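Colleague: got a sequence here, can you model it:
(one chain, ligands or ions: 2)
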Amino acid sequence: MKHIDIASVLQDKTLLGSEVTVCGWVRTARDSAAVAFLELTDGTSFLRLQAVVDKAKLSLDPECTKCGASVAVKGTVVKAFKGEGAELNAAEVTLLGKCPGDFPIQKKRTTLDFLRTIPHLRLRTNTFSAVFRVRSVAAQAIHRYFHEHRFYYMHTPLITASDCEGAGEMFRVTTQPWDAKYESETAYYKDDFFGVKAGLSVSGQLEGEVAAMALGRIYTFGPSFRAENSNTTRHLAEFWHVEPEIAFAELPEVMEVAEDMIKSVVRAVLAECPAEMDFFDRFMEQGLKAKLANIVENKFAVLEYTHAIELLKKADVKFQFPVEWGCDLQTEHEKYITEQVYKKPVFVVNYPKEIKSFYMKQNPDGKTVAATDLLVPGIGEIIGGSEREADPDKLLAAMQARNMDLAAYEQYLDLRKFGTAPHGGFGLGFDRFVMYVTGMENIRDVVLFPRTVKNIM
Ligand code: 4AD
Ligand code: MG
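Modeller: Ligands and ions are numbered 1, 2, ... in the order given. Next comes the predicted model:
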């Protein structure tokens, strides 16, 4: 259908006085005997376009005034009666699709909980259309950042036989039901599609390292899967993962890229989505824009894990999980550090090797690894990364200590055998990042169709 975006009508001053056709959904309508006002949205703009219908000049199907109806309006673009923008003097209004009164998205505000039960319709609300425009702008900005810094975009496999994080949280990929005739797991998998146990990848890192060890700087941006039984506001079974990997780099350079990338994407979102960000600042998180402006202008804090433990032990707070050197930081600890102590993003570095993955570079102290998590207020961890162990003997020892199946990681070990080099990277949870920049408090509200424990609607 030949028509023009509402965003263009609202923004492009050269259109004043010309005749255009827009298509959209009616958000609200005011109807009287002489005139009707239809507020239209087509998804291209946070702001709505008002179409003014002079009923003396044209007959209006009453169905066109129903909330949710879809219409095409031909008319002349004129300066808005109120404010800066434009509106449309309608010459012709065509009903494209009726919307009966049981349309669940009515004018009055509904709750996010309720909207979660209608994922196919919730995008028609201001909140969700704004979230997904911001999500798209952020994703584009990530690609742009890496492209401009000569990181090559890699597509790593989603089906894999190796568990990157080693935490046993893989979904299984299989084509055959269990049968009691198999006397062992190995025998069962032998008959399966791949002939071995296969699963959905929790991370593209291992394959990303393969690419970085040839192309220098790479990144992946795709889904990762975790069969974590974590029913929280920040866990998904299927999430979007941004994973750069950099050859000839040590931990500080990895952190530099992470900080620089985050700042660059936040800047892009603030510049490209002003109306959305005003809305989130007003209705989702007061002070959001100031928070983000702060992020862009200030250096992130860096905190040694050992020091973090001391801070937590001194804290005047009763934590649910006790704190001791060697423990993993829980969300409550992460939030304390970034919300109470630093009030900005914090890189925690050099974690005990026992609580981190096999591939992380072992520090000379023999106790810690060159790992980092980036913690942010409101969410906790949004990035996990590290320098990788480049020494073949040390890597092998770490794998053996964890009883890993070395045969499954032969290629990974080969990278250390043939021209090993210092390298590292990180993984950004993109959905968590979208929460952070929009102020949305539940990860289910920044994903089109969230997949979580016992939910695949
Ligand atoms: O800390 P993680 O497990 O690190 C890795 O997977 C590394 N292989 C990354 C790398 O070095 N290339 O995951 C990285 C990030 C987390 O910080 C978090 O933001 C996000 O991925 N994440 C999840 N997001 C939503 N739901 C889940 N279940 C997530 N699990 C991890
Ligand atoms: Mg992590």
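Colleague: I figured residue 321 hits residue 330, correct?
Modeller: Yes - contact criterion Cβ atoms under 8 Å: residue 321 and residue 330 qualify, at 4.5 Å. Every C-beta, even on glycine, is put in place using the N, C-alpha and C of the backbone.
Colleague: ligand 1 contacts on this structure?
Modeller: 164-165, 203, 205, 226, 228, 235-236, 239, 241, 243, 381-386, 425-427, 429, 431-432 (Cβ under 6 Å from any ligand atom).
Colleague: helices - which of these land there?
Modeller: 205, 431, 432 (DSSP state H).
Colleague: which residue packs closest to the last one, ignoring adjacent ones?
Modeller: Leaving aside its chain neighbours, residue 432 sits nearest to residue 382 (4.6 Å; criterion: Cβ to Cβ, 6 or more residues apart in numbering).
Colleague: count the neighbours of the one you found for me.
Modeller: Using other Cβ atoms under 10 Å, residue 382 is surrounded by 24 other residues.
Colleague: OK, contacts around it?
Modeller: 374, 375, 376, 428, 429, 432, 433, 436 (Cβ atoms under 8 Å, 6 or more residues apart in numbering).
Colleague: which residue is the nearest non-sequential neighbour of residue 5?
Modeller: residue 44 (4.2 Å).
Colleague: count of neighbours near that neighbour?
Modeller: 19.
Colleague: cool, and residue 176?
Modeller: 11.
Colleague: ok so, going back, among the contacts of residue 382, find me the one that's closest to residue 313.
Modeller: Nearest to residue 313 among the contacts of residue 382: residue 375, at 17.5 Å, using Cβ to Cβ.
Colleague: other residues contacting the helix or strand that contains that closest one?
Modeller: In this structure, residue 375 sits in strand 368-376 according to DSSP states H and E. Contact partners of strand 368-376, identified using Cβ under 8 Å, 6+ apart, comprise 250-251, 254-255, 258, 262, 300, 305-306, 329, 334-335, 337-338, 345-353, 356, 360-363, 381-387, 424, 426, 436.
Colleague: same deal with stretch 32-43?
Modeller: 5-6, 22-31, 48-56, 60, 64-65, 71, 73, 90, 93, 129.
Colleague: narrow those residues to those that are buried.
Modeller: Buried subset of the contacts of stretch 32-43 (neighbour count, 16 or more other Cβ atoms under 10 Å): 5-6, 22-27, 29, 48-53, 60, 64-65, 71, 73, 90, 93, 129.
Colleague: quick one on the thing from earlier: from residue 274, how far out is the residue nearest to residue 5?
Modeller: For residue 44, the distance to residue 274 equals 15 Å [Cβ to Cβ, to the nearest Å].
Colleague: got any ranges where this protein has weak pLDDT?
Modeller: 107, 109 (pLDDT under 70).
Colleague: mind giving me the domain ranges of it?
Modeller: Here the domain parsing of the chain from automatic domain parsing is 6-103, 122-445.
Colleague: dump those domains to TSV, plus distance to residue 451.
Modeller: Output for the domains of the chain, formatted as TSV (distance: least, Cβ to Cβ, whole Å):
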stretch	distance to residue 451
domain 6-103	24
domain 122-445	4
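Colleague: among those domains, which is nearest residue 453?
Modeller: Per Cβ to Cβ, nearest to residue 453 of the domains of the chain: domain 122-445, 5.0 Å.
Colleague: and the closest one, how far from the chain's centre?
Modeller: The chain centroid and the centroid of domain 122-445 are separated by 11 Å under Cα atoms, centre = their mean, to the nearest Å.
Colleague: just the buried positions in the helix or strand hosting residue 279, please.
Modeller: Assigned by DSSP H and E, residue 279 belongs to helix 274-283. Going by neighbour count (16+ other Cβ under 10 Å), the buried part of helix 274-283 is 276, 277, 279, 280, 281.
Colleague: from the buried ones among the contacts of stretch 32-43, which ones fall inside strands?
Modeller: By the criterion of DSSP state E, membership of those in strands covers 22-27, 29, 49-53, 71, 73, 90, 93.
Colleague: which of these lies closest to residue 178?
Modeller: For those, the nearest to residue 178 is residue 25 (48.4 Å; Cβ to Cβ).
Colleague: the closest one - nearest residue in space that isn't next to it in sequence?
Modeller: residue 70 is the one closest to residue 25 (Cβ to Cβ, 6+ apart), at 5.2 Å.
Colleague: do you know how far that neighbour is from ligand 1?
Modeller: Using Cβ to the nearest ligand atom, to the nearest Å, residue 70 is found at 34 Å from ligand 1.
Colleague: beta partners for that residue?
Modeller: residue 25, residue 97 (DSSP bridges).
Colleague: quick one: contacts for it?
Modeller: Residue 70 sits in contact with 23, 24, 25, 26, 95, 96, 97, 99, where contact means Cβ under 8 Å, 6+ apart.
Colleague: and the strands in the stretch 351-457 of the chain?
Modeller: Using DSSP state E, counting those that start in this stretch, the strands of the stretch 351-457 of the chain run over 368-376, 380-387, 423-429.
Colleague: quick check: buried residues in the first one?
Modeller: Going back to what we said before, that points to strand 368-376. 368, 369, 370, 371, 372, 373, 374, 375, 376.
Colleague: for those residues, which one is nearest ligand 1?
Modeller: residue 373 (6.5 Å; Cβ to the nearest ligand atom).
Colleague: farthest residue from the center of this structure?
Modeller: For the chain, the largest distance from the centre (Cα atoms, centre = their mean) belongs to residue 56, which lies 49.8 Å off.
Colleague: state the helix or strand in which it lies.
Modeller: Applying DSSP H and E, one finds residue 56 in no helix or strand.
Colleague: for stretch 188-197, list the C-alpha coordinates in CSV.
Modeller: In CSV, the C-alpha atoms belonging to stretch 188-197 read as follows (Å, rounded to 0.1, in the frame of the first residue of the first chain):
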residue,chain,number,x,y,z
TYR,A,188,21.7,-44.2,23.6
TYR,A,189,23.3,-41.1,22.2
LYS,A,190,25.2,-43.3,19.6
ASP,A,191,21.8,-43.9,18.0
ASP,A,192,20.8,-40.3,18.2
PHE,A,193,20.9,-37.8,15.4
PHE,A,194,24.5,-36.6,15.9
GLY,A,195,25.7,-39.9,17.4
VAL,A,196,26.8,-38.1,20.6
LYS,A,197,25.1,-36.1,23.3
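Colleague: quick check: bridge partners of residue 452?
Modeller: Bridge pairing for residue 452 - DSSP bridges - gives residue 455.
Colleague: I'd guessed it sits against residue 239; true?
Modeller: No - using Cβ under 8 Å, residue 452 makes no contact with residue 239, being 10.2 Å away.
Colleague: these two: which has the busier surroundings?
Modeller: residue 239 (21 against 18).
Colleague: which residues touch that one?
Modeller: 223, 224, 226, 429, 430, 431, 432, 443, 447.
Colleague: buried subset of the residues you listed?
Modeller: Those of those that meet the buried threshold are 224, 226, 429, 430, 431, 432, 443, 447, by 16+ other Cβ under 10 Å.
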